[in-house]
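Trainee: My questions are about this predicted structure, shown below with the sequence.
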Amino acid sequence: MDAVLDVFLDIFTQPAVIVALIALIGLSAQSKSFSDVLKGTVRTLVGFLVLAAGAGVVVGALNPFGEMFQTAFDVQGVVPNNEAIVAQALLEYGSTAALIFFFGMIVNIVLAATTRFKYIYLSGHVAFYIAAMFAVILSVAGFDTWAVILWGSIAQGIYMVVSPALVQPFMRQVTGTDDVALGHTGGAGIALSGWVARLTRGKGTSKSTEDITFPKGLGFLRDTTVIVALSMAIIYVIVGVFAGAGYIESELSAGQNFIVYLLLQAATFSAGVFIILAGVRVVLAEIVPAFKGISEKLVKNAKPALDVPIVFTFAPNAVLIGFIASFVGGIVGMLGMVALGTAIIIPGVVAHFMTGAASGVIGNAVGGRRGAVLGAFANGVAITFLPLFLLPVLGDMGLSNATFSDADYGVFGLALGGLSSAGGQVAIIVGILASLVALFVITVVMRLRDNRRIAAQPVEEPAV
């Protein structure tokens, strides 16, 4: 059984494989030629691998930045890192999490087929992290293993349609279509960015981050790759100076001059963003047409919910602005925890880049530059405090030095944990069933609303 689960996880926790399979199914459903099916499937697979490779380059450049930041400012606390906390969870709940992940995907497809929440969640790796968190919380609540899998799977399926739905109103403003959704565990924080941008946009006079004008002599700053590299170089050098040349050369750069090392890390970061943008263009060009086969013949009107870099190409300047604003929000939140005397959540640079960048893009689409800054800042504060509130519901794992980082873990984890504290297992079951019923009630209400609108439309007289 464990061997089967291992193979299953090897396949379905790889988002590139999932997206390629979806392309294969979608193109086949449209009765495309063998050549088109093969071409679309392979290009989707390669495009997503390019995207993932770019993300790996960015994360590789950010990891030493995080270590420098902690050393520079002598900060000790809990590090929000999904990989670290999931690795601990899998030691005890690995099989349970895998089964929740599998059955949760089935529930996701059933809900997409039967409700107005038409989102097929294709970010398998983060979906597996959510499954691991549900396994921990339900086990801490005292459920038997079979009940953990049952209720965890339903909760997982509900999560996989609700999280993209929170962001979709803003995604439509970013993409200009309703064809693609965002499937990422930062969904609640990214949606928060959109709401904050909407509340603070005033008369909508704030210009887009992509319309920034530079003096003629600074025209090179219009190039996204250049401005990202230069901005990150300044940030790396400032933090590096505080961390000290001796620390960097002995612990991080293997003896390489610390200024050279820092500049290369900044350039590497920019290179990673460049690769991500290239991969996103390929994936979007292939997956959207391929998914029409799914939405027309298998799950009517279904939308693919893709990983967070999918929005980066729509506003590259907002990516950098959002990352910086979110990270500043994380620092402000951390200082607030120091003042309050609580456990300290150290800003996780990877989480702030991935969700902060997307928050910047969403905030920019809704409220221009002001929206990009304030929305991403709000996301930064949210993903600092939510992990703090989540610690108690994780049982003994909450006492470790790592926790889940993105906003969805906090929102959905706290919802389950709060129900457990309020009424134990009965409250959790009632809450999950009530959420399920709510999806169908919303579906019925929206269908009735649509029918009334159609009935109210004037009937055109036939031409004489």
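Mentor: Cool, got the structure.
Trainee: ok now do residue 262, which residues does it touch?
Mentor: 233, 236, 237, 240, 248 (CB atoms under 8 Å, 6 or more residues apart in numbering). Quick note: C-beta positions are derived from backbone N, CA and C, even for glycine.
Trainee: per-residue pLDDT, it?
Mentor: Looking at residue 262, its pLDDT is 91.
Trainee: Sticking with it, tell me its helix or strand.
Mentor: helix 258-293 (DSSP states H and E).
Trainee: Tell me the one of the contacts of residue 262 nearest residue 443?
Mentor: Nearest to residue 443 among the contacts of residue 262 is residue 236, at 49.2 Å by CB to CB.
Trainee: so the closest one is in which element?
Mentor: Applying DSSP H and E, one finds residue 236 within helix 224-243.
Trainee: Okay, angle between that helix and helix 258-293 too, please.
Mentor: 140 degrees (axes from the mean of the first three to the mean of the last three CA atoms, to 10 degrees).
Trainee: Outside of helix 224-243 itself, list whatever touches it.
Mentor: With CB under 8 Å, 6+ apart as the test, helix 224-243 has contacts from 65, 68-69, 71-73, 220-221, 248, 258-259, 262-263, 265-267, 269-271, 273-274, 277, 316-317, 319-320, 324.
Trainee: redo that, cut-off 6 Å
Mentor: The contact list for helix 224-243 (CB atoms under 6 Å, 6 or more residues apart in numbering) reads 68-69, 71-72, 220-221, 248, 258, 262-263, 265-267, 269-270, 273-274, 316, 320.
Trainee: Which among the contacts of residue 262 count as buried?
Mentor: Buried residues within these, counting neighbours by 16 or more other CB atoms under 10 Å: 233, 236, 240, 248.
Trainee: On the pLDDT front, check residue 84 for me.
Mentor: pLDDT recorded at residue 84 is 66.
Trainee: Can you tell me which of the contacts of helix 224-243 are buried?
Mentor: When the contacts of helix 224-243 are checked for burial by 16+ other CB under 10 Å, the buried set is 68-69, 71-72, 221, 248, 258, 262-263, 265-267, 269-270, 273-274, 316, 320.
Trainee: and residue 127, how many neighbours?
Mentor: 28 (other CB atoms under 10 Å).
Trainee: ditto for residue 171
Mentor: Residue 171 - counted by other CB under 10 Å - has 28 other residues nearby.
Trainee: you'd agree it is in a helix?
Mentor: Yes. Membership of residue 171 in a helix is supported by DSSP: H, G, I helix; E, B strand; the rest coil.
Trainee: so what's the spatially closest residue to it that is not a sequence neighbour up against?
Mentor: For residue 171, ignoring the flanking residues on the chain, the nearest one in space by CB to CB, 6 or more residues apart in numbering is residue 182 at 5.6 Å. With contact taken as CB under 6 Å, 6+ apart, residue 182 is in contact with 164, 167, 171.
Trainee: what helix or strand is the first one on?
Mentor: Put plainly, it is residue 164. Secondary structure from DSSP H and E places residue 164 in helix 145-175.
Trainee: Can you list the buried residues in that helix?
Mentor: Those buried within helix 145-175 under the rule 16+ other CB under 10 Å are 147-168, 170-171, 174-175.
Trainee: all strands for the chain, in order.
Mentor: Using DSSP state E, the strands of the chain run over 79-80, 119-121, 181-182, 303-306, 402-403.
Trainee: mind giving me a markdown table with the ones you listed and columns for distance to residue 352 and mean pLDDT?
Mentor: Below are these laid out as a markdown table (distance: least, CB to CB, whole Å; pLDDT from 0 to 100):
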| stretch | distance to residue 352 | mean pLDDT |
| --- | --- | --- |
| strand 79-80 | 9 | 68 |
| strand 119-121 | 23 | 89 |
| strand 181-182 | 17 | 92 |
| strand 303-306 | 20 | 88 |
| strand 402-403 | 15 | 69 |
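Trainee: Now do the residue lying closest to residue 431 once chain neighbours are set aside, the pLDDT please.
Mentor: Closest residue to residue 431 apart from its sequence neighbours, by CB to CB, 6+ apart: residue 419 at 4.4 Å. In this model, residue 419 is scored at 88, pLDDT.
Trainee: measure residue 419 to residue 298 for me?
Mentor: Taking CB to CB, to the nearest Å as the measure, residue 419 falls 34 Å from residue 298.
Trainee: mind showing which ranges of the stretch 351-464 of the chain have poor pLDDT?
Mentor: Residues of the stretch 351-464 of the chain meeting the criterion pLDDT under 70: 395-402, 459-464.
Trainee: The same query, at a cut-off of 80, please.
Mentor: Scanning the stretch 351-464 of the chain for pLDDT under 80 picks out the ranges 391-405, 456-464.
Trainee: so where do the helices sit in the stretch 301-450 of the chain?
Mentor: 316-340, 349-390, 407-456 (DSSP state H, counting those that start in this stretch).
Trainee: if we can go back for a sec, for the helix holding residue 164, what is the average pLDDT?
Mentor: 92.
Trainee: Tell me what angle it forms with helix 316-340.
Mentor: Helix 145-175 runs at 130 degrees relative to helix 316-340, counting by the same axes, to 10 degrees.
Trainee: Helix 407-456 and helix 145-175, what's the angle between them?
Mentor: 60 degrees.
Trainee: still on that earlier bit, please verify my assumption that the residue nearest to residue 431 contacts residue 432.
Mentor: No. Using CB atoms under 6 Å, residue 419 makes no contact with residue 432, being 8.4 Å away.
Trainee: Backbone dihedrals for the most centrally placed residue in the chain, both of them.
Mentor: In the chain, the centroid-proximal residue (CA atoms, centre = their mean) is residue 184; its distance is 2.8 Å. Backbone torsions for residue 184, taken as degrees, to the nearest 10, come to phi -150, psi 150.
Trainee: One more: residue 178?
Mentor: Residue 178 has phi and psi values of phi -120, psi 20 when expressed as degrees, to the nearest 10.
Trainee: residue contacts, the residue nearest to the residue nearest to the centre of the chain when sequence neighbours are not counted?
Mentor: Of all residues not flanking residue 184 in the chain, residue 308 sits nearest, at 4.2 Å (CB to CB, 6+ apart). If you count contacts by CB under 6 Å, 6+ apart, residue 308 has them with 184, 354, 358.
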